[in-house]
Structure formats: structure tokens, C-alpha cells
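> no FASTA, just this:
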């Protein structure tokens, strides 16, 4: 097993999540249907989290696939989920840093849904995914964007950005795909309800963990986080921060 792993706080917050993005199972299914994947479509999912996309698409669309993630905890959860859904013979999960992972042979769909830091941003991640893609294949990118223009530095920081320029408004993000030489051929966007389910579920997980682990070295950090995160979310993130998955084909 690779000598890498995800920071412990992230695993604690999202240990009960099956989808580590502001999507629910309905939107994930909508995306799978929108791609019109024939049986046997091969999919690579870099930074796959708990493997829900590959496992459910293997069940619903008979795809095959490989997921790669830096978290040993989530890779084990992915394998358990694939077994639960009866698709462990169709999908495999690799514990590794996805940043340099290239599929061999190339795949029909190469995805990085919500982790474009693995390529240093959108452009670098698309370039990385293209290295695994067969000619005529589809890239999937999950990426945040500004729903509303952030009015001040406090809003920017509350949305996990170091500056306003870290993210684009949706028209700018879509334009950037064309600038990179790709056609946008499908998209499914998060909404405020799916953001609520992704973010608010973490608060309960953190609170239950704090009650069970009051003397843990992370307890003070999590206590501070839980005291401010809900208000930050409803004040800043919920209105200003968007997210979506975008399907691209090379021009």
C-alpha cells in the first residue's frame, strides 16, 4: 500500500459520507444517465473518495472502472461499497496519490470530481486526465465557482479561497474550458439543498465525535470549528459558493 494518506480531520468530518461533494444520489444518477454510457464503458476516477460514483454506475450502467484515492479509509469504504452493490468484479480501488496516476490502457471517461488540486487547478487536472483518455473520450471535472460575486475578504476566506481569483463565476469557468480546447457537452450543478446535506451532515459527525473523544488532540480545533462553521456556511458559503460537474470532449 502506498505510503500516503489523507489528513485525519478530513476523514473524521466525512467518515459517514458516501459522496464527498455537494451532490446527492439523485444528482449522481442524473450525471450517470446524462453521459449515455454503453455497457462496458471504462472509467477512471481520480480522488474517488468512497467510490460511490464508480460503484453505483457499475450497478446501473454496467461500466468498469478504477478509482484512486489518497485515503486508506475511503479506499476500504469503496471496496466495501462495491461488494455491497455486487460490483466488486467490475471496479477496483487503488490507495495512491492520484496526482501522477495515468491509466493503461486509456479509458473512455477520465474523471476528477471535486479535487482539481491534484493537477494544480482545472487546466493541470484536465491535462492529467487527458493522459488517461482514449481519443474521443470524455473528461469529467467537478469544480467550485462563484454563484454570487463575493463582496469582501471575509466572504472569500469563508469560502475556502485565498483570494477571489481562486474561483471563477460560472460563465468564466465555462469559457475557460473552451479556451483550453474542450467542448462542454454536459453538466450537472449542485443546488443549495445538496450543499446543505454535504455540509450540515459534517456538523453532527463532528459533534458526536467530540462527545466520544473529548481528550483527543484534535478536540479543541473541532470545538472551535463547530462553534463557527454553521454560521459561516449560512452567512457566506450557501449564497456565494457554487459547484458542478462538467463533461468535456476535446475539440
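Happy to help now that I have it. This structure is a prediction, so every number in the text was calculated from the model and none was measured.
> Which parts of the protein are strands?
Under the criterion DSSP state E, strands of the chain are mapped to 42-46, 64-69, 91-95, 107-113, 133-146, 182-189, 241-250.
> Check which helices and strands the fourth one sits against.
The one in question is strand 107-113. strand 42-46, helix 122-130, strand 133-146 (3 or more Cβ pairs under 8 Å, 6 or more residues apart in numbering; DSSP states H and E). Where you see a C-beta, it was placed from the backbone N, CA and C, and this is true even at glycine.
> Any stretches of the chain with poor pLDDT?
Across the chain, residues meeting the criterion (pLDDT under 70) sit at 1-3.
> measure stretch 6-16 end to end?
Start-to-end span of stretch 6-16 (Cα to Cα, to the nearest Å) is 15 Å.
> can you check stretch 37-48 too?
19 Å.
> Run the chain-centre distance for it.
15 Å (Cα atoms, centre = their mean, to the nearest Å).
> Bridge partners for residue 67, pull those for me.
Beta-bridge pairing for residue 67 (DSSP bridges): residue 45, residue 93.
> May I have the residues that are in contact with it?
Going by Cβ atoms under 8 Å, 6 or more residues apart in numbering, residue 67 touches 44-45, 48, 51, 53-54, 75, 78, 91-94.
> so how far is residue 103 from it?
11 Å (Cβ to Cβ, to the nearest Å).
> Find residues that contact each of these two.
residue 44.
> max-length helix in the protein?
Assignment by DSSP state H gives helix 192-212 as the longest helix of the chain.
> by how many degrees do it and strand 241-250 diverge?
Orientation check (axes from the mean of the first three to the mean of the last three Cα atoms, to 10 degrees): helix 192-212 against strand 241-250 gives 120 degrees.
> Can you spell out which helices and strands pack onto helix 192-212?
Counting contacts by 3+ Cβ pairs under 8 Å, 6+ apart, helix 192-212 is packed against helix 8-13, helix 219-232, helix 238-240.
> right, and residue 81 touches residue 50 too?
Yes: Residue 81 is in contact with residue 50 according to Cβ atoms under 8 Å; the separation is 6.4 Å.
> Need the residues touching each of those two.
Counting by Cβ under 8 Å, 6+ apart, the shared contacts of residue 81 and residue 50 are residue 18.
> neighbour count winner among these two?
The neighbour comparison of residue 81 against residue 50 (other Cβ atoms under 10 Å) goes to residue 50, with 27 against 21.
> what's near enough to touch the more buried one?
Residue 50 sits in contact with 17-20, 74, 77-78, 81, where contact means Cβ under 8 Å, 6+ apart.
> on that earlier part again, and among the helices and strands packed on strand 107-113, the most buried is which?
Mean neighbour count (mean count of other Cβ atoms under 10 Å) peaks for strand 42-46 among these, with a mean of 26.
> In terms of secondary structure, what does that one contact?
helix 52-61, strand 64-69, strand 107-113, helix 122-130.
> between the third one and helix 52-61, how many degrees?
Here the directions of strand 107-113 and helix 52-61 differ by 140 degrees (the same axes, to 10 degrees).
> From the centroid of this protein, which residue is nearest?
Closest residue to the average C-alpha location of the chain: residue 114 at 3.0 Å, with Cα atoms, centre = their mean.
> quick one: that one and residue 141 touch, right?
No: with contact defined as Cβ under 8 Å, residue 114 does not reach residue 141; the gap is 9.1 Å.
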